[in-house]
Structures are given as structure tokens and as C-alpha cells.
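S.K.: Model the structure of this input:
(chains A and B)
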Amino acid sequence: NAGVMQNPRHLVRRRGQEARLRCSPMKGHSHVYWYRQLPEEGLKFMVYLQKENIIDESGMPKERFSAEFPKEGPSILRIQQVVRGDSAAYFCASSTEGTGTYEQYFGPGTRLTVT
Amino acid sequence: SQKIEQNSEALNIQEGKTATLTCNYTNYSPAYLQWYRQDPGRGPVFLLLIRENEKEKRKERLKVTFDTTLKQSLFHITASQPADSATYLCALGSPGTYKYIFGTGTRLKVLA
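M.R.: Model (predicted):
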């Protein structure tokens, strides 16, 4: 059973370009979470999605950032017009349940560098 | 505002000793607490979950305690090995919510 997959693993973008990060959850998982991690900082929640629904995007900046989890295919985190401050590691996690004592399975992350 | 504190400084211990990591929180009443391990360049890996009504949980060489009065969790690794060297994160959750709040992690280094 393959784990959570993220691609690309490394992404370099120039300021003003778009970054598109993909996450394929574990088989059978319908709950996806996106986190951002800066060096020496903890994981910061960005958005929680179920298939075709955004449940909570309270941790995601209102501008330039969007996320989706279509019926078919991976979850996508899109950052438009990237700025240097967007440079970070972005992790997605998936779970079978959405509340309570669920265990989150994390992907290897996408390291975004904005030049 | 909710705050989670983990030792920001790295913890160095000798192989074979017990490592103890601390997770303190304020302005929060979590019902669940999780511990994760994160290696450089990788995503976190789930280790243990403990509920507020559980004082202690064990898994092989790992032990977690959860003291809701002190607002603290302790994470112990007994008979530590160099392979245990990693960053350990605690994460707090509440009933009916899906959002876990993560601490910044403590870097553990086990010296051979």
C-alpha cells in the first residue's frame, strides 16, 4: 500500500510565477490536510479537504492560495504570483477519519524555493 | 491565544539512556495529544496518541504521559539508540475538530 505521495519534491519558481503542488492520499483515505513548515518552525495548518469539498481553509492566506481535492485525481495546492516569503516546505497528510483520534499519514513534502 | 511549547534547544543524550521530551501548552484544553517523529527532509511519522483520560501510554521503548492539570505531556524513549536521533513533534487536538495544532519540535541526538 503506497503511502502519501507528493510531487514535485522540489520546486523552484521565480517571483510572480505559479506553483502547483500535488498530493495523492493513501488508498482509502478521503481526508486531506495541507501544512506549511518554515525552518525551525512547527507545522502550520493551511487547509482541510474532503473529496470535492473544502472543509476548512482558515489557515490559508485569502489571496493567491487555493486548494482543491477533485473527485478523481490528486489534491492540488496552488500558489499564484509567488513571493519570496512563500519559500517553505509544504506537507500534505491524509487520514481515514476527520475528527478525533485519527492518525495522519504525511507525505515527503514539496520544498518550494522562490527566487 | 493557544500556545504549545517544546524544548527549542537540541537534546543530546548518551546511547542507552532514557530521553525525556516535554510538551507544554497554554490556553487550550486538548482531548487528544499525538507525538510524531520527523527526520530531516521528510514528513512527520505518527508514533503515539494519548487521550485526556489516559495518564500513560506505551509502545515498545516509547512512553507518553498526559497531565491535564499541569498541561503537559512527557515523551520518553528508553534504551535510546543513535537511530532515535530525529526531531519529535507533539500535536494537540480537541473533540469534534479535525485540526491538530503542532509544536515546533525538539531535536534529539543520541550519541554512540
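
S.K.: quick one: contacts for whichever residue of chain B sits closest to chain A?
M.R.: At 3.3 Å from chain A, B:Gly43 is the closest residue in chain B, using CB to the nearest CB. Every residue, glycine included, has its C-beta placed from N, CA and C. Neighbour list for B:Gly43: A:4, A:91, A:93, A:106-109 [criterion: CB atoms under 8 Å, 6 or more residues apart in numbering or on different chains].

S.K.: tell me, which of the residues you listed make contact with chain B?
M.R.: A:4, A:91, A:93, A:106-109 (CB under 8 Å from any CB of the partner chain).

S.K.: related to what we said a few turns ago, spell out which two among the contacts of B:Gly43 are the most distant pair, please.
M.R.: Greatest spatial distance among the contacts of B:Gly43 (CB to CB): A:Ala93 and A:Pro108, at 11.3 Å.

S.K.: more neighbours, those two?
M.R.: A:Ala93 (27 against 17; other CB atoms under 10 Å in any protein chain shown).

S.K.: isn't the more buried one right up against A:Tyr33?
M.R.: Yes - under the criterion of CB atoms under 8 Å, A:Ala93 makes contact with A:Tyr33 at 4.7 Å.

S.K.: any common contacting residues for the two?
M.R.: A:Gln104.

S.K.: for the closest residue to B:Glu54 other than its chain neighbours, what are its contacts?
M.R.: Counting by CB to CB, 6 or more residues apart in numbering or on different chains, B:Phe66 is the residue found nearest to B:Glu54 once chain neighbours are left out, at 6.3 Å. Contacts for B:Phe66 (CB under 8 Å, 6+ apart) come out as B:33, B:50-52, B:54-57, B:73.

S.K.: Is B:Phe66 bridged to anything, and to what?
M.R.: Residues in a beta bridge with B:Phe66, per DSSP bridges, are B:Ser73.

S.K.: Would you check how far apart it and B:Ile77 are?
M.R.: Separation of B:Phe66 from B:Ile77 (CB to CB, to the nearest Å): 17 Å.

S.K.: again with B:Thr87
M.R.: 13 Å.

S.K.: higher neighbour count, the two?
M.R.: Neighbour count, other CB under 10 Å: between B:Thr87 and B:Ile77, B:Ile77 has more, with 22 against 19.

S.K.: from what I can see that one touches B:Glu60, true?
M.R.: No - B:Ile77 sits out of contact with B:Glu60 when judged by CB under 8 Å, with a separation of 9.6 Å.

S.K.: Now for B:Thr87 and B:Ile77: what residues contact both?
M.R.: Shared contacts of B:Thr87 and B:Ile77, counting by CB under 8 Å, 6+ apart, come down to B:Leu108.

S.K.: Spell out which parts of chain A neighbour chain B.
M.R.: A:4, A:31, A:33, A:35, A:40-45, A:48, A:55-56, A:91, A:93, A:98-109.
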